[in-house]
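> Quick one: sequence plus predicted model below, questions after.
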Amino acid sequence: MSPRTTGILVLIAAALGAFVYFYEIRGADSRKEAEELKKRLFAGVEPGAIEWIALKSPAGPEARLERREGKWRLTAPVDFPADTYAADNLASTLATLSSETILESPQPPEEYGLGDAARVVRFSAGGKEYELRLGKDTPVGGGAYASVGGMTAVFDIARYKASTFDKKPDDLRDKRILDFDKKAVSHIEASWPGGRVVLDRETVASAGAAGAEKGAEAAEPAEAGWRLTAPIQGRADSDTVENLLTSLSFLRAEGFVDDPPDDAQAGLAPPAYEIALTSPGEGEGAQPRVVRLAVGAERPGALRLVRGAQHSLYTIQAGRFEELPRKLSAWRWKQLARFAAADAHAIDFFFQPPKGDPVVIHAEHGDTGWTSTPEAFAAGKLDGIVAELSRLHASDIAADSMGEKELRGLGLSPPNAIITVFGKAPEAPAAKPGESGEGEEKPALPVLAEVQIGNIVGSEWIAARAAGDPTVYELPHALADQLPVSLDAFRNRFKAAEGEAAKPAEPAPPAGGNPDFLPPGDESP
């Protein structure tokens, strides 16, 4: 075959391939799209062009939605912010509503439920008004009868599409009680009978400065959080604040009271809980934005009335009230230790039994995992201990400080147990030329956390303190199964059974290079 013939055949094959691609493949999609457009009941209407929608059923009042400055609002039977998702879904369904079957010469409308019993949807797009009537379900298939204003034909549309318009006015309301960006909130004021707190969001710089005031060893991590400014000054529990903001952002109404009673009848004089969230205003010189919430007393049916930004009151399940922190201690910082579990390299356990000498156990993490000496932990126990200590959080605060006698009564002077977690030692500087570096003191391991553990109080909580912090915290009682709170607890629940775990070949000295481990002194109250 000549080169010329081969070239012609290649061109023909390329042309055929292009034809198949553009006509059969891409063209098929275009033809399918054109067919779908022909089936639409409201050809040429786009969802974004719909200006208002009115829904009317024989059994209830008309509900009307209007798009104002890009946002939907319910304007009848009450004026109220609309549920954006519900309104957009209605607009999208109207614009794309199509029919597979058309009855060109139908029976009277009443035969299809399209007479006075019909549900009527009216809307406007591009200044032109349209009407959709929805009737009975079709006897076979999953369809429903529908008609369009100005046309005699009856259409068979998908039943699930028709059900989109089965909305009561309350279904179209925005059920969010508070509309705010939780990341933008910078100031919080909350009050309840007998208590009040004021908090400010702090910056990274202010968090570091606040921690530095306590000294280098007790300095708090320089990370942005929240700070209490009333009734006391101090770092706030960021988890409590963030959980509250999340809970409020997802708070949804169960119902609405459009003609609210006076505050006394609504249980809002005074409120059972009141909160104000302040965010900076948008734009230079703009006033701060404040959203407020007031929760009333519990009512029959396990409900509470709530006042938000609207004139109408909301109803919420009474159980949601329990999510709101109503004790000062709930807002206070209660983190005894916080570090990345993967950074833990060594742990010293100092146990002071009621009688006898202290017992010290040193654990290190190596290539094969954790090992300890002179007594071995059961497999997996040290990993669990590190995981608990990495974010050790108290459930409450027993006292901001205590005297020696009180501390002794709680097993904190001396502590029943002191657990010190160390990170990896920093790399030693490279030896200078001609110097071996032998004999130089190794850098001490950085302390990631040091927790002092006392007695279990009334089978309810465990007394504990963090090094450098005079506060006495209440740890959850359940942590007694996760942390060795005493020598007896270690040997009963954490120690390896005989022959279960091998000891290291050579006992490792305590962290910091001092073989004679001593309990912390003045630096650890």
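Here it is on my side, so go on. Residues are numbered from 1 along each chain as shown.
> Going by C-alpha atoms from here, please, whenever you check contacts or count neighbours.
Fine.
> Can you tell me how far the closest residue to Pro61 other than its chain neighbours is from Val121?
Closest residue to Pro61 apart from its sequence neighbours, by CA to CA, 6 or more residues apart in numbering: Pro77 at 6.8 Å. When distance is defined by CA to CA, to the nearest Å, Pro77 is 15 Å away from Val121.
> ok, these two, which is more surrounded?
When neighbours are counted by other CA atoms under 10 Å, Pro77 and Val121 differ, and Val121 comes out ahead with 22 against 13.
> The more buried one - that's part of a strand, no?
Yes - according to DSSP: H, G, I helix; E, B strand; the rest coil, the state of Val121 is that of a strand.
> quick one: contacts for it?
Contacts for Val121 were tallied using CA atoms under 8 Å, 6 or more residues apart in numbering; they are Ile53, Ala54, Leu55, Lys56, Glu131, Leu132, Arg133, Phe165.
> got the contact list for the first one?
The reference is to Ile53. Applying CA under 8 Å, 6+ apart, we find Ile53 in contact with Arg64, Leu65, Glu66, Ala91, Val121, Arg122, Phe123, Ser124.
> The residue nearest to Pro61 contacts Lys56, correct?
No - counting by CA atoms under 8 Å, Pro77 stays clear of Lys56, with 11.0 Å between them.
> got any residues that touch both of these two?
Taking CA under 8 Å, 6+ apart as the contact rule, the neighbours common to Pro77 and Lys56 are Glu62, Ala63.
> shaky segments in this protein?
Applying pLDDT under 70 to the chain picks out residues 1, 3, 7, 9-10, 13-15, 17-37, 204-224, 428-441, 499-525.
> rerun that using 80 as the cut-off
Counting by pLDDT under 80, the chain has low-confidence residues at 1-38, 203-224, 283, 427-443, 498-525.
> how does it divide into domains?
Annotated domains of the chain cover 47-172, 187-281+288-331, 335-425+443-494 [automatic domain parsing].
> Tell me which of those approaches Thr6 most closely.
Each of the domains of the chain has some distance to Thr6 by CA to CA; the shortest is domain 47-172, at 49.8 Å.
> Run the chain-centre distance for the closest one.
Distance of domain 47-172 from the chain centroid (CA atoms, centre = their mean, to the nearest Å) equals 36 Å.
> And for Trp192, the neighbour number?
Other residues near Trp192 come to 19 when the count uses other CA under 10 Å.
> which residues touch Leu412?
Gln452, Ile453, Gly454, Asn455, Ala463, Ala464.
> Next, the contact list for the first one, please.
Read it as Gln452. If a contact means CA under 8 Å, 6+ apart, then Gln452 has Leu412, Pro415, Asn416, Ala417, Ile418, Ile419, Ala464, Arg465, Ala466, Ala467 as its contacts.
> which residues does the residue lying closest to Thr471 once chain neighbours are set aside contact?
Counting by CA to CA, 6+ apart, Thr471 lies nearest to Asp400, which is 4.3 Å off, once chain neighbours are set aside. Contacts for Asp400 (CA under 8 Å, 6+ apart) come out as Pro470, Thr471, Val472.
> for Trp331, same thing?
Leu228, Ala236, Asp237, Thr240, Val241, Pro325 are the contacts of Trp331 under CA under 8 Å, 6+ apart.
> Tell me the spacing between it and His187.
Per CA to CA, Trp331 is found 14 Å from His187.
> Show me the beta-bridge partners of the residue lying closest to Tyr273 once chain neighbours are set aside.
Counting by CA to CA, 6+ apart, Trp192 is the residue found nearest to Tyr273 once chain neighbours are left out, at 4.6 Å. For Trp192, the residues forming beta bridges with it (DSSP bridges) are Gly195.
> Would you confirm that Trp192 contacts Ala272?
Yes - taking contact to mean CA under 8 Å, the distance of 5.7 Å between Trp192 and Ala272 places them in contact.
> Out of the contacts of Gln452, which comes closest to Ala363?
Ala363 lies nearest to Ile419 out of the contacts of Gln452, by CA to CA, at 10.9 Å.
> element containing Ala309?
Mapping Ala309 onto the secondary structure by DSSP states H and E places it in no helix or strand at all.
> Next, the distance between the ends of stretch 356-369.
For stretch 356-369, the first and last residues are 31 Å from each other (CA to CA).
> How about stretch 58-78?
Its first and final residues considered, stretch 58-78 spans 18 Å by CA to CA.
> what about the residue nearest the centre of the chain, which helix or strand?
With distances taken as CA atoms, centre = their mean, the chain has Thr246 as the residue nearest its mean C-alpha position (5.5 Å). Element membership for Thr246 (DSSP H and E) is helix 238-249.
> Tell me which residues of that helix come out buried.
Ser238, Asp239, Thr240, Val241, Leu244, Leu245, Leu248, Ser249 (16 or more other CA atoms under 10 Å).
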